[in-house]
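> sharing a sequence plus its predicted fold:
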Amino acid sequence: MQTLLGKHIILGVTGGIAAYKCAELVRRLRDEGAEVRVVMTQSATEFVTPLTFQALSGHPVHTDLLDTEAEAAMGHIELARWADGILIAPATANMIGKLAQGIANDLLSTLCLATEAPIAVAPAMNHIMWSDNATQDNIATLKNRHIYIFGPAFGTQACGETGEGRMLETHELIEKLDSLFSHESLSNTRVLITAGPTYEAIDPVRFIGNRSSGRMGFAIAQAAIEAGAKVTLIAGPVNLQTPHKVERIDVESAHQMYQAVMSQVAEHDIFIATAAVADYSPIETHDQKLKKSEEMLSIHLHRNPDILAEVAAMNKLFSVGFAAETEHLQDNARKKLKSKQLDMIAANQVANMENPDEDTGFNSEYNALDVYWPEGYIQLEKARKTELARKLIELIAEHYKTKH
Ligand SMILES: Cc1cc2nc3c(=O)[nH]c(=O)nc-3n(C[C@H](O)[C@H](O)[C@H](O)COP(=O)(O)O)c2cc1C
């Protein structure tokens, strides 16, 4: 098993008799290479001491929502963002009910509402509690909301009775948690992405730029993270928040972007060039602001290196280009795919800058892409850039795997 390696797992322990078994679970998760933080409900602390989990996880245990000291160290929102996955084991009937109702009156239930990470619960309770209609309705609600239910198993119970309600064994929980992440199409893959425009300085206050907002590249970085990749994002001047866990390098000019990409190539497997890199830059950058004097002013430009073509020519990374075209979309995209020896190219029509809400392309929230590869073609219909990015990442992952 490799998929838990480096994963941030919150183990939520609630007040059931099976809580003692989770000391072993922490150890096994760490053996798999996961980083574990334990969150306990108040009831759980009556069954096992936080000190046990602190010693086994190597980190203080989180128990209180309304604890100013804990909030100052790693607050509940930070903890929710930190997690790649939350496993609640054992999950009491009470906690299952709270999750189903969206109640957030302790740290663990609040985290579950505040996280975007997958949540799994491992129910453990007396078999009559488990088969009670309320519990079964709550479980159905959680399944509907894509919360994973691990178990329970049939067997002898702490109360001496036999039935369905035993928590799964530690190795079964680990296997199930592992499989939660193994669907990730880009796990163990390193993705290098460029995004945004470049600014080519004319003098200290003026530059030649373009209308790229960087949104598509940032959405692709987010989608690649969701697909389990390690992501480096080289961004031109944009006003966007770095997606969680993405390593970002800021640059301004095409030359800086070139340098940054070349310094990263050896560390990556896939290159996705969404940046609108200036093809030309002024031969001379003036040290002082140019004065308004002549009637006409000429600025001489020279060609910038073609970052994408150079990376693709190395034949080491699976290289994906973007083509923003105002005309002859198909022809131009196919030409670029061939001339730059790309593995894939995503082309979009850019037009109508006045009405970005209706529009697709540079400054819009939306986009539509025609994606070409040497043997085929697919049209990804107009959608939010975040949604489109996920589809594109799946397509890239599929073709990358076929090639390797
Ligand atoms: C000795 C003892 C054992 C318990 N075992 C379980 C159990 O295995 N599963 C369960 O759902 N509740 C069990 N409970 C009841 C829960 O502790 C109780 O519902 C509590 O409110 C759960 O709080 P929590 O969900 O915030 O941890 C047990 C209670 C006691 C006193």
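The structure has been received and is ready for your questions.
> what residues does the stretch 1-150 of the chain have near the ligand?
For the stretch 1-150 of the chain, the residues in contact with the ligand under the definition CB under 6 Å from any ligand atom are 14-18, 41, 43-44, 92-95, 124-125, 129. Where C-beta positions appear, they are placed from N, C-alpha and C, glycine not excepted.
> would you tell me what the next helix or strand after the helix or strand where Thr52 lies is?
Assessed by DSSP states H and E, Thr52 sits inside helix 50-57. Per DSSP H and E, helix 50-57 leads on to helix 68-74 as the next helix or strand towards the C-terminus.
> can you list the residues that contact that next one?
With CB atoms under 8 Å, 6 or more residues apart in numbering as the contact definition, helix 68-74 has outside contacts at 37, 60, 62, 64, 82.
> please identify the buried residues of it?
Along helix 68-74, these residues count as buried under the neighbour rule (16 or more other CB atoms under 10 Å): Ala70.
> so how far is it off the chain centroid?
Mean-position distance between helix 68-74 and its chain equals 25 Å (CA atoms, centre = their mean, to the nearest Å).
> got it, and stretch 140-150?
Going by CA atoms, centre = their mean, the spacing between the C-alpha centre of stretch 140-150 and its chain's C-alpha centre is 22 Å.
> from the rest of the structure, what touches it?
87, 89, 96, 99-100, 118-123, 139, 168, 172-173, 176-177, 180.
> show me which of the contacts of helix 68-74 are buried.
Those of the contacts of helix 68-74 that meet the buried threshold are 37, 62, 82, by 16+ other CB under 10 Å.
> one step back: show me the residues of the stretch 1-150 of the chain next to the ligand that map onto helices.
In helices, judged by DSSP state H, the following of those are found: 43-44, 93-95, 129.
> from the residues you listed, which two are the most distant?
With distance counted by CB to CB, no two of those lie farther apart than Ala44 and Met129, which are 16.7 Å apart.
> between those two, which has more neighbouring residues?
Remark: of Ala44 and Met129, Ala44 carries more neighbours, 26 against 19, as counted by other CB atoms under 10 Å.
> got a list of what that one touches?
Under the criterion of CB under 8 Å, 6+ apart, the contact partners of Ala44 comprise 13-16, 19.
> same question, Leu107
Counting by CB under 8 Å, 6+ apart, Leu107 has contacts 39, 41, 62-65, 76.
> which two among those are spaced furthest apart?
Based on CB to CB, the longest span within the contacts of Leu107 runs between Thr41 and His76 and measures 13.9 Å.
> how about the strands in the stretch 151-300 of the chain?
When secondary structure is read from DSSP state E, counting those that start in this stretch, the stretch 151-300 of the chain shows strands at 153-156, 162-166, 190-195, 200-201, 207-208, 230-235, 247-250, 270-273, 280-282.
> nearest to Asn133, out of these?
Judged by CB to CB, the one of the strands of the stretch 151-300 of the chain that comes nearest to Asn133 is strand 162-166, at 14.7 Å.
> put the alpha carbons of that closest one into PDB.
In PDB, the C-alpha atoms belonging to strand 162-166 read as follows (Å, rounded to 0.1, in the frame of the first residue of the first chain):
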ATOM      1  CA  THR A 162     -23.900 -11.300  19.200                       C
ATOM      2  CA  GLY A 163     -25.000  -9.300  16.200                       C
ATOM      3  CA  GLU A 164     -24.100  -6.600  13.700                       C
ATOM      4  CA  GLY A 165     -22.400  -3.600  15.200                       C
ATOM      5  CA  ARG A 166     -18.700  -4.500  15.900                       C
END
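> what lines up beside it in the sheet?
Using DSSP bridges, the neighbouring strands of strand 162-166 in the sheet come out as strand 153-156 (antiparallel).
> do the partner strand and the ligand meet at all?
No. In this structure, strand 153-156 remains apart from the ligand according to CB under 6 Å from any ligand atom; the gap is never smaller than 13.2 Å.
> residues contacting that strand, please?
Strand 153-156 is touched from outside by 162-164, 166-169, 172, with contacts defined as CB under 8 Å, 6+ apart.
> try it again with 7 Å
162-164, 166, 168 (CB atoms under 7 Å, 6 or more residues apart in numbering).
> same deal with stretch 175-193?
Counting by CB under 7 Å, 6+ apart, the neighbours of stretch 175-193 from elsewhere in the structure are 1-4, 7, 85, 87, 118, 120, 148, 150, 217, 220-221, 224, 227-233, 261, 264, 267-272, 274, 393-394, 397.
> how about it: buried residues?
Taking 16+ other CB under 10 Å as the neighbour-count basis, stretch 175-193 is seen to contain the buried residues 176-178, 180-181, 184-187, 189-193.
> mind checking the end-to-end distance for it?
32 Å (CA to CA, to the nearest Å).
> distance between it and the chain's centre?
Taking CA atoms, centre = their mean, one finds the center of stretch 175-193 at 11 Å from the center of the full chain.
> number of residues surrounding the closest residue to the ligand within the stretch 101-250 of the chain?
With CB to the nearest ligand atom as the measure, the residue in the stretch 101-250 of the chain that lies nearest the ligand is Met125; the distance is 3.5 Å. Other residues near Met125 number 27, with proximity taken as other CB under 10 Å.
> was I right to think it contacts Ala93?
Yes. In this structure, Met125 sits in contact with Ala93. The criterion is CB atoms under 7 Å, and the distance is 5.2 Å.
> bridging residues for Glu35?
For Glu35, the residues forming beta bridges with it (DSSP bridges) are His8.
> what residues of stretch 110-125 count as buried?
For stretch 110-125, using 16+ other CB under 10 Å, the buried residues are 110-112, 114-115, 117-125.
> which of the contacts of helix 68-74 sit farthest apart?
In these, the most distant members under the criterion CB to CB are Asp64 and Trp82, with 17.3 Å between them.
> could you report the neighbour count for Pro282?
Neighbour count for Pro282, taken as other CB under 10 Å: 18.
> ranges for the helices of the stretch 251-400 of the chain?
Using DSSP state H, counting those that start in this stretch, the helices of the stretch 251-400 of the chain run over residues 254-264, 307-314, 329-339, 385-403.
> out of those, the one nearest the ligand is which?
Using CB to the nearest ligand atom and comparing these, the one that lies nearest the ligand is helix 385-403, at 34.4 Å.
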